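> Sharing a model that was predicted from the sequence below.
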Amino acid sequence: MSALVIVLVLLPLVGAAVCGALVKNGRDGAARSAGFAVSLVELVLVAVVWGLFDPAAPTRFQGRSSVEWIPAFGVSFSLGLDGIALAMIALLSVLVPVVIAYTSFTSAAERFPDGPDGEPRGAGGFVALMLSLQGVLVALFAATDVFVFYVMFEVMLVPMYFIIGRFGGARRQYAAVKFFLYSFLGGLIMLGSVIGLYVASGTRLGAATFDWAELQRLAVQLPESTQIFLFLGFFAAFAIKAPLVPLHTWLPDAGAASPIGGGVILVGVLDKVGVFGFLRYCLPLFPLASRTLAPLVLVLSVIGVLYGALLAAMQTDMKRFVSYTSIAHFGFIGLGIFAFSQQALAGSALYMVNHGISTAMLFLVVGMLAARGGSNRIADYGGVGRIAPVLAGLFLLAGLTTLSLPGTNSFVSEFLVLIGSWPREPVYTVIATVGIIFAALYVLWVYQRTMTGPLRGEAVVGGGPGAASARALAGGPGSDTVDTDPPDAARKARFGDLSGREIGVLAPLVLLIFLLGFFPQPVLDVINPAVSATMSEVGVADPVGPNGVAR
Amino acid sequence: MGSQSFSDALGVDYGALAPLLIVLGGACVSVLIEAVLPLERRRPAQLVFSLAVVVVALVAVVVRATSGAADVVVLAGSLSVDAPGLFLWGTLLALAIPSVLMLADRSVEPGGVFVADPEALAEAQEKVLAGGSRSPSGTGPDSRGAVARRGGGGGPDPATPPEMHTEIFPLVLFALGGMLAFSAANDLLTMFVALEVLSLPLYLLCGLARRRRLLSQEAAVKYFLLGAFASAFFLYGVALLYGYAGSVRLGDIAASAAGPLRSDTLLFAGLALLVVGLMFKASVGPFHTWTPDVYQGAPTPVTAFMAACTKVAAFGAILRVFTVAFGTTALEWRGVLWAVAIASMVIGTVLGITQTDLKRMVAYSSVAHAGFILIGCLAITPAGLSGTLFYLLAYGFTTIAILGLVSLVRSGDGEAGHLSGFAGLGQRSPVVAAALSFCLLALAGVPLTSGFTAKFAVFSAGLADGMAPLVIVGLVCSAIAAFFYLRVIVLMYFSDPAPDGPTVSLPGPMTTVAITLGVAVTLLLGVLPTAALEWAGAGSFLG
C-alpha cells in the first residue's frame, strides 16, 4: 500500500509531463485522451487503496513511507493516509476525470480565451495543468511531514494560478493575481508558525523535527500562550483558503473568472485544504489554543453561513452565485469542526466530500447553461425548462443537494453537523439552522428565475450580449460588446437540451449524490477512526453519548 | 616535505592562501597581457585566462575544504582561512564564473557591453572614413569578416562595432581578489585595504557602459562619492576601535570587551561607524541610496557581478565582524541593528512596488533581501551562520540569472528595462519568460526554489535566537514583495505584446551558460539543498 500511495502522487505528475509534451508537439487531441486515461487509472488506483484501507487498524496513518529529504532541517518526504485524507483523495480522483471529460469531450473548451495565434487555447494545456494540480494535492493530503505539507500548500498555487490566468473568463488576470496573492500571504503567515513549531520542537524535544506525529506529542508540552500564536499563523492561512468571512473576497472573483473545470477543483477540493488543515493541523497540534479560540472560529463560521447565503441570493452572476453558496457551506464545516463532538467532526469531514460533489454538479450545470447562452448573468435566462428539460432537471437536483434536501448527500452531513453541535454550542447551532432557510431561498429563487415560466431573456431568445458571444462561442472580453439584432429574431430559443456526452459527464455525480444520500456509512466508516483520534488529541470528552443522546 | 619546511620557515601557509594568491597573481598577469598582446588577440586571451584563474582558484578552495585541513590564521594574523571563509570563497569564485562569462559576451550587444576601446574605435572610424571617401558603392573592408548587425549606436556606424575595452578582465580579477581578502580579513586594517581593492575596480566598471553613457557615468560618480564616504566612516570606526582595544585584530576587540570594566563609548561608537561602512557595501537600507541608480546605470553584467559577489563579500565580512569581534557584546548592540534590518526590509519592499524599471526593481529587491540576510547575521548562532551563508549562495545565482535574462530583452537603443517591454514575453519567447518567472518566484520565496530554502534557514535561525518580531516583519515583507515579482509574471504571460515592442536577442553560448547555471543552481538548491547546507554548517569562524 505504501508503494501505491507514492504512485498516486507520481502518476498524475508524470501524466501532466506527458500531456505537456504532447501539447508542445501540437497534438492537443492526444494530450486530452492521454490525460483522461491517466485520471481514470488514478481513480482505479484510489479505489484499490480504498479497498486496502483498514478502518480498524490501530495506527492513525496507513500506507506510510518516508524518504529523507533535507536532513539539516529534519525534513523527510513522508506520506501516509488517514481516513479523512483518503476521503479527500477519493473525492479528487472522482472530480478530476469528470472535469477533464467535460473540458475535453464537450463543447466547453470552445469558451477558452484566444491564445497568441488568435485560435482558442486547446484543452490539452488545461488537462496537463489539472493533472499536475492533482499530483500536488494528493501529496498535500497524504503528507505526514509539516514541511512537505507547507511546500505542497504553496506549490499548488502555481498550477491553479495558470489555470485561472490562461483559461479563465474576462477578468482572469485580476482574479488569478488576487487568488495567488491572498493565498501566498496566508502561506507566509503560516510559514512563520511552521518555523515557530520547528524551533519549539528543537528546544522541547531535543531534536528539531517536522514529523507530524512527533509534533503532536509536543502539543502537551507547549504552553497555551505559545500555542495561540502558532495556531493563529496556521489559522490565517486556512481561513483564507477555506474561506471564512472577512477573508473570502478572493473566492467569488476566482470562482467567477476561472474556467468551469478549474472552478470545480478550486471550490470543490482546493479550498478544502483550509478545513482539512483545521482538522489535521490546528486541532491536534494546538489543542489548548483550539479550545480557547473556538468562539472566534464559531462566530466567523456562523457569520459565513448567513452572510454567504444572503450574498448568494443577491448575485447576478451564476458563477459568483455558486462561489457564495460555498462560503455558506464552509461556515457549516467550520461550525462542525470547532464544536468538538464526534458527530459534528464526522459530519464536517463528510461535508467536505459531499460539498465537493454538490458544488461540482452545480458548477458543471451552470457551465453547460452558460456555454449555451453565452452569458453568466442570471437575468439573461428565463424559462429554460421549456426547451431544455434535462438541463433544468439536473439544475434542480444540483440546487436541491446544495440546500441539503433529505435523500441527497449533503443532508446527511449537514444533519450530523447540526445535531453534533447542538449539545455544546446551542446558540450557534440555532443561528446556523436559519442558514438552511436562506439556502432554500437562494437556490429556488435562482431556479425560478432561470428555468421556469415563459421563454425569455437575452441569452435564450434575444440577440443581446449573449447571442453575440454565443455565435463566437469564445467568451473573453468580446462578450461585453453590445450589438443590436433586429427584434424579429426574438421568440425563438437559440439552444437545445443537454447532449449525451454532457449527461454522461454528470451521471457519476448524480449517482454519488443519491448513493451517499442513502448509504453514507461506507465513507463514515473510513472517516470515523481519524475523527476519534482527533477528538482524543484535542482532549475533550464527546458530549454525545453512545446512544446518540446528549449528556 | 621540502616545500613544507620552506613555507614553515617563512611562516606562511601557502596552501591556505592559494586561492587568494592565484586570483591576485592572475590579475597582475592579466595586466601584462593587456600590455603585451595586440588588440585583436586580447579579448579571447583575456577571457580564457580569467576563466582559468577563477576555475583554478575554485578548485584550490574545494581541495582545501575537502582535505579536512585545519582552520588557520595566516600572514601574522591578518587573514583567517576557516570553514565559513572557505564557503564564502567558494561562493564568490563560483559566482564569478557566470559573471565573467556575461562580461565577455558579445552576442547580445555587438562588440560587448563595455565602451569601445579607443584604439579599436580609432581604427573603425578610419575604416569608415576611408570606405566612405573611396568608394560610395562598396562597404568598408571588414578584415575580421564579422557579420554586420543592427543597432550600431549613435556614433559612426561601421560594419563591425569596435571591440570593447579588455581592461575589464584585470579589473574584475582585482575586484574578486579584494572580495576574497575582504571576507577572510581577520583584522580591520586588512579589511579596509581589501575594501578599497574591491571597490575601486567596481567604480570604474560601472562607468564603462557602451550605451547610455551619461547614465553610466552618473552611476559611477555616485557610487564613487558615496563609497568614498562609506570608506571614511569605516576608517573612522577602525580608529575608534583601535583606541578602545589597542589592536585592530577582531579577536583582540572581543577580548578587550570581555576584559576589565571600562567605558564602552569607544567600542559602540566605533562599531556604529564600522557598520555604516559595511552596510553601505552590502546595500542594506537606509544605506542603500546608491543601489538603484548604480544597478540601473552600470552595464548589466557588472550589475550582476556587483549584486551577487559584492553582497557575498560584504555580508561575509559583516558575519565575521559580528561573530568574532562583537559576539560577546551582542545583547547590547543588537537592538539598533534590528531597526536597520526592519528599515531595510520595509524600504526595499515598499519602494520596490513603485518601480517601473526592472533593474531598479531588482535593486530594491536586493535591499529587501539584504534585510532578510541581516536577520541571519544578527542571530549569532551556528544556525544563523550557516543559514546566512546558504542565503548568499542561493541569492547570488538567482540574481545573476535574472540580470542575464533582463539583458536579453532589447529595444532599439539597448536594453528595454522598462516593465512594459516585458508585456507578452511569454508568447514571444516562452523559454526566457519561463526562466525569468522561475527566478522571480525564487526571489519571492516559493517552495522548491532556493529562495524558499534560504529564507527558511535564515528565519528559523532568527526565531530560534529570539527575534520573532524581525521574522514576522520579514514574512510580511516577503508577502508584499511577492506582489511586484508577480506583476512581472502577469505582464509576461497575460498581456498582449506591444506591436513595436522590444525584441528578445538570442543569447550566445556564454550568456546561455551563465543563465542556465543560475537557473539550475536555483532549482537544485531548492529541491536538494542538503550538500550545500552541510558545507555551510561545516564549521565556525576562527577568532
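Perfect, I can see it now.

> In chain A, where's the longest helix?
The single longest helix within chain A, with elements called by DSSP state H, is helix A:172-205.

> Quick check: buried residues in it?
Within helix A:172-205, the residues that count as buried by 16 or more other Cβ atoms under 10 Å in any protein chain shown are A:172-202. In short, each C-beta sits where N, CA and C put it, glycine included.

> Neighbours of B:Leu393, how many?
28 (other Cβ atoms under 10 Å in any protein chain shown).

> Now it. Nearest residue, chain neighbours left out?
Excluding its sequence neighbours, the residue lying closest to B:Leu393 (Cβ to Cβ, 6 or more residues apart in numbering or on different chains) is B:Thr91, at 4.8 Å.

> I'd like the distance between the one you found and B:Leu51.
17 Å (Cβ to Cβ, to the nearest Å).

> what about the longest strand in chain A?
In chain A, with assignment by DSSP state E, the single longest strand is strand A:62-70.

> Tell me which strands that strand pairs with, and in which orientation.
strand A:75-81 (antiparallel) (DSSP bridges).

> what's the spacing between the helix or strand that contains B:Tyr391 and its chain's center?
With secondary structure defined by DSSP states H and E, B:Tyr391 is part of helix B:382-406. For helix B:382-406, the separation from the chain centroid amounts to 10 Å (computed by Cα atoms, centre = their mean, to the nearest Å).

> Could you list the buried residues of it?
For helix B:382-406, by 16+ other Cβ under 10 Å, it's B:383-406.

> go on, stretch B:463-473?
Neighbour count says stretch B:463-473 has B:463-465, B:467, B:470-473 buried, by 16+ other Cβ under 10 Å.

> among those residues, which are in helices?
In helices, defined here by DSSP H, the members of the buried residues of stretch B:463-473 are B:463-464, B:470-473.

> In TSV, list these along with distance to chain A and pLDDT.
Shown next, in TSV, are these (distance: Cβ to the nearest Cβ, whole Å; pLDDT from 0 to 100):
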residue	distance to chain A	pLDDT
B:Leu463	5	88
B:Ala464	5	88
B:Leu470	11	91
B:Val471	6	90
B:Ile472	6	88
B:Val473	10	92
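
> what bits of chain B have low per-residue confidence?
B:1-11, B:131-160, B:413, B:543 (pLDDT under 70).

> who in it is up against chain A?
B:386, B:424, B:427, B:441, B:444-448, B:452-453, B:456-457, B:459-460, B:463-464, B:468, B:471-472, B:475-476, B:478-479, B:482-483, B:486-487, B:490, B:493-495, B:529-530, B:533-534, B:537 (Cβ under 8 Å from any Cβ of the partner chain).

> what sits up against the longest strand of chain A?
A:1-6, A:49, A:52-54, A:75-82, A:144-145, A:147-148, B:453, B:529-530, B:533 (Cβ atoms under 8 Å, 6 or more residues apart in numbering or on different chains).

> In helices, which of those appear?
Those of the contacts of strand A:62-70 lying in helices (DSSP H): A:2-6, A:49, A:52, A:147-148, B:453, B:530, B:533.

> Can you give me the pLDDT of the most centrally placed residue in chain A?
In chain A, the residue lying closest to the centroid (Cα atoms, centre = their mean) is A:Gly268, at 2.1 Å. Looking at A:Gly268, its pLDDT is 86.

> Could I get the contacting residues of it?
Counted by Cβ under 8 Å, 6+ apart, A:Gly268 has contacts A:91, A:95, A:355-357, A:359-360, A:363.

> Could you provide those residues in a markdown table, with additional columns for neighbour count?
What follows is these, written out as a markdown table (neighbours: other Cβ atoms under 10 Å in any protein chain shown):
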| residue | neighbour count |
| --- | --- |
| A:Leu91 | 24 |
| A:Leu95 | 26 |
| A:His355 | 29 |
| A:Gly356 | 28 |
| A:Ile357 | 27 |
| A:Thr359 | 28 |
| A:Ala360 | 29 |
| A:Phe363 | 29 |
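
> now these as JSON lines including secondary structure, pLDDT and distance to A:Val390?
Output for these, formatted as JSON lines (DSSP: H, G, I helix; E, B strand; the rest coil; pLDDT from 0 to 100; distance: Cβ to Cβ, whole Å):
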{"residue": "A:Leu91", "secondary structure": "helix", "pLDDT": "92", "distance to A:Val390": "25"}
{"residue": "A:Leu95", "secondary structure": "helix", "pLDDT": "92", "distance to A:Val390": "22"}
{"residue": "A:His355", "secondary structure": "helix", "pLDDT": "91", "distance to A:Val390": "24"}
{"residue": "A:Gly356", "secondary structure": "helix", "pLDDT": "91", "distance to A:Val390": "23"}
{"residue": "A:Ile357", "secondary structure": "helix", "pLDDT": "92", "distance to A:Val390": "19"}
{"residue": "A:Thr359", "secondary structure": "helix", "pLDDT": "91", "distance to A:Val390": "20"}
{"residue": "A:Ala360", "secondary structure": "helix", "pLDDT": "91", "distance to A:Val390": "18"}
{"residue": "A:Phe363", "secondary structure": "helix", "pLDDT": "89", "distance to A:Val390": "17"}
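
> nearest to chain B, of the residues you listed?
A:Phe363 (23.0 Å; Cβ to the nearest Cβ).

> any chance you could map the strands in the stretch 1-150 of chain B?
B:72-74, B:79-81 (DSSP state E, counting those that start in this stretch).

> What is the least confident helix or strand in chain A?
The weakest-scoring helix or strand in chain A, judged by mean pLDDT, DSSP states H and E, is helix A:465-472 (a mean of 48).

> Now the element after it, going C-ward?
Moving toward the C-terminus from helix A:465-472, the next helix or strand (DSSP H and E) is helix A:500-518.

> same for whichever helix or strand comes after that next one, what does it pack against?
Next helix or strand after helix A:500-518 toward the C-terminus (DSSP H and E): helix A:521-538. Counting contacts by 3 or more Cβ pairs under 8 Å, 6 or more residues apart in numbering or on different chains; DSSP states H and E, helix A:521-538 packs against helix A:83-105, helix A:283-285, helix A:287-314, helix A:342-373.

> which outside residues touch helix A:521-538?
By Cβ under 8 Å, 6+ apart, the residues outside helix A:521-538 that reach it are A:50, A:53, A:55-57, A:60, A:82-87, A:216, A:219, A:279, A:283-284, A:287, A:290-291, A:340-342, A:345-346, A:349-350, A:353, A:516, A:542.

> Of these, which are in range of chain B?
Of these, not one also sits near chain B (Cβ under 8 Å from any Cβ).

> ok, longest helix in chain B?
Longest helix in chain B by number of residues, with DSSP H as the criterion: helix B:213-245.

> From the contact counts, what lies against that helix?
Using 3+ Cβ pairs under 8 Å, 6+ apart: helix B:213-245 touches helix B:188-206, helix B:250-258, helix B:265-282, helix B:290-297.

> Can you mark which positions in that helix are buried?
Buried, per 16+ other Cβ under 10 Å, within helix B:213-245: B:216-220, B:222-224, B:226-227, B:230-231, B:233-238, B:240-242, B:244-245.

> ok, now stretch B:37-49?
For stretch B:37-49, by 16+ other Cβ under 10 Å, it's B:42-43, B:45-47, B:49.
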